[in-house]
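>>> Okay, here's the prediction I keep looking at, along with the sequence it came from:
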Amino acid sequence: MPKQKFNSHDIAASCATLRAKVLGAWLANIFDLDDKRTLLLKFTRSGGATESGEGEKTTVLLESGARFHTTSYARERKADQPSKFNAKLRMHLRGKRLNGVNQMGADRAVAFTFGAGDTEHHLVLELYAQGNIVLCDREWRILTLLRPHRDDARGLVLLGNHPYPRERFRRHVRVDSDALVAALEGKDEQLGPKDEDKGEGEGARETPGAAKRRAPGTVREALCKAFGFGPPVVDRAARMAGIVDGAAAKTPLDAERVAALGASLGAIDDWFEGVTDGRVEPRGVVTWRLKEGESGEDGESGSSPSLEADFEDFSPFPADDVPPPGPFDPKVFRTTEVSGGFDAALDLFFASFEARRDRSQREKSANAAAKKLEKVRRDQEARVRALEKERESQELAATLIEYNLTQVDAVLAAVNGALAGGMAWDDLTLMIKEEARAGNPVARLVKTLDLPNNKVTVTLKNHLDVDDVDD
């Protein structure tokens, strides 16, 4: 399953790239995409930075619960009026300067700060669970939000005109050796960040009152539970430490591997802090599935994939500092660094994913239309066959009437005469049955009477075939 959401380290890297690209730019407009959870923010810089003399323009894509990055690919926007939520965003943010792009602690949320002083506003993008986009004023009071939410059990209220609860986000805490040993052994008293500090990110799945804590079975389980790391980060740290099985290694570990794991986690903490304060530039590494018949050695290892590639993963970490084997089989996948950095890698990755999704939807629509057309065709053919059968039956009936015109006229004359004489319908039916039993040839031709509908069914001899036909 391709990666579709950011982890906390991806967010730190994307914040750093956006600060380098759009910090200080002015928000020109905001557009909705058709999925109702994705926004396109159009930024511009004055000063004639482009060859045409116009200001430099940058588009930032925000998808609630999933991602944010700049994009150079065209996407279909809503043709009608903006949503009520977008209209509120435009009213407060359009024309303002972007003064900050900051991760909320070390968690999966980012705050975009527009304007300054009394006109300052914060646009918060939440990338965990179902996600959310929240607009706050300078005092962090909620003005509008994409998805109102309330959880009384946790004391969480995300509603308009309520303060935005920033304190719930997990703070960045470096992993020390004592906390690491305690985490691997499953000891409650030394589990890095306290449960109430784990925030809304990867480590927020554990609740303080959730049953008895059992000892973790793998390195992944231990570190994700204790420190809120995402599985890819834990696997990276384990492989950097030389643990052959990576994050799937069983616990407990020996002292040497614990020390190596602590060093690799320290290196990842250094990377996180360096990216956050601008000392480290995140890389743009992508992994894609090789096509059938293509080997991992084909082509240049550093060549960037095309938009048609079947992408599986993206990462802001360098690709060459983890010894093989990595999490992806080199016979099936290829990993390389994209020119342009992490932001360019994200744009390529998700544009390819959207293109594949759109192709799949078009194929499904085409298949559904083809099935519907085939069903209509079969129905029309059945109707044609039924009409043809009815036509043949009517033609045969008309032919028989022509061949037996004297008998038909005699039946009609007898019935009409009886009715003209004032005979009741029931009496007429009874009389015809009695006359038929008596051998009256005209009465024996009558099969049924439907006098309310002015119909008489007669049995005629088919001189063209051996069967009798009713009319």
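Nice, I can see it.
>>> which other helices and strands contact the helix or strand hosting Lys57?
Using DSSP states H and E, Lys57 falls within strand 56-63. Counting contacts by 3 or more Cβ pairs under 8 Å, 6 or more residues apart in numbering; DSSP states H and E, strand 56-63 is packed against helix 8-22, strand 38-45, strand 67-70. The way it works is simple: take the backbone N, C-alpha and C, and place the C-beta from them, glycine included.
>>> what does the second one contact?
Yep, that's strand 38-45 we're talking about. Here strand 38-45 makes contact (Cβ atoms under 8 Å, 6 or more residues apart in numbering) with 22, 24-33, 55-64, 71, 75, 77, 86, 89, 98, 133.
>>> for the last one, same thing?
Taking contacts as Cβ under 8 Å, 6+ apart, the residues outside strand 67-70 that touch it are 4-6, 14, 17-18, 21-22, 58-62, 110, 125, 127, 343, 346-347, 350.
>>> Equivalent analysis for stretch 111-129, please.
By Cβ under 8 Å, 6+ apart, stretch 111-129 touches 5-6, 11, 27, 62, 64-68, 89, 92-93, 96-104, 107-110, 131-138, 140, 143, 164, 200-201, 204.
>>> Buried among the residues you listed? Make that a PyMOL selection.
Of these, the buried ones go into a single PyMOL selection, burial set by 16 or more other Cβ atoms under 10 Å:
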select buried, resi 6+11+27+62+64+65+66+67+68+89+92+93+96+98+101+103+104+107+108+109+110+131+132+133+134+135+136+143+164+200+201+204
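>>> Strand partners (parallel or antiparallel) of the strand holding Lys57?
Its sheet considered, strand 56-63 pairs with strand 38-45 (antiparallel), strand 67-70 (antiparallel) by DSSP bridges.
>>> Out of those strands, the one nearest Gly262 is which?
In terms of Cβ to Cβ, the element of these nearest to Gly262 is strand 67-70, at 31.1 Å.
>>> Quick check: buried residues in the helix or strand just after that closest one?
Counting by DSSP H and E, the element after strand 67-70 in chain order, helix or strand, is helix 84-93. For helix 84-93, a neighbour-count test (16+ other Cβ under 10 Å) marks 85-86, 88-89, 92-93 as buried.
>>> just stretch 215-227 next, same as before
Neighbour-count burial for stretch 215-227 flags 216, 218-227 (criterion: 16+ other Cβ under 10 Å).
>>> Show me what that stretch is in contact with.
Outside of stretch 215-227, the residues within contact range by Cβ under 8 Å, 6+ apart are 173, 175, 179, 182-186, 191-193, 202-203, 206, 229-231, 234-235, 237-238, 243, 246-251, 253, 261, 265.
>>> buried subset of those residues?
The neighbour-count test (16+ other Cβ under 10 Å) marks 173, 175, 179, 182-184, 186, 191-193, 202-203, 229-231, 234-235, 237-238, 243, 246-249, 251, 253, 261, 265 as buried among those.
>>> hang on, the earlier thing: pick the most deeply packed of the strands paired with strand 56-63.
Comparing the strands paired with strand 56-63 by mean neighbour count (mean count of other Cβ atoms under 10 Å), strand 67-70 comes out on top with a mean of 23.
>>> then it to PDB, C-alphas only?
Extracted in PDB, the C-alpha atoms of strand 67-70 (Å, rounded to 0.1, in the frame of the first residue of the first chain):
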ATOM      1  CA  ARG A  67      -0.100  16.300   3.400                       C
ATOM      2  CA  PHE A  68       1.000  19.800   2.500                       C
ATOM      3  CA  HIS A  69       3.600  20.900  -0.100                       C
ATOM      4  CA  THR A  70       4.000  23.200  -3.100                       C
END
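>>> what mean pLDDT does stretch 55-74 have?
For stretch 55-74, mean pLDDT is 93.
>>> scratch that, stretch 232-247
In this model, stretch 232-247 carries a mean pLDDT of 88.
>>> before we move on, what about stretch 270-284?
For stretch 270-284, the mean per-residue pLDDT is 95.
>>> Give me the buried stretch members for it, please.
For stretch 270-284, the neighbour count (16+ other Cβ under 10 Å) marks 271-272, 275-276, 280, 282-284 as buried.
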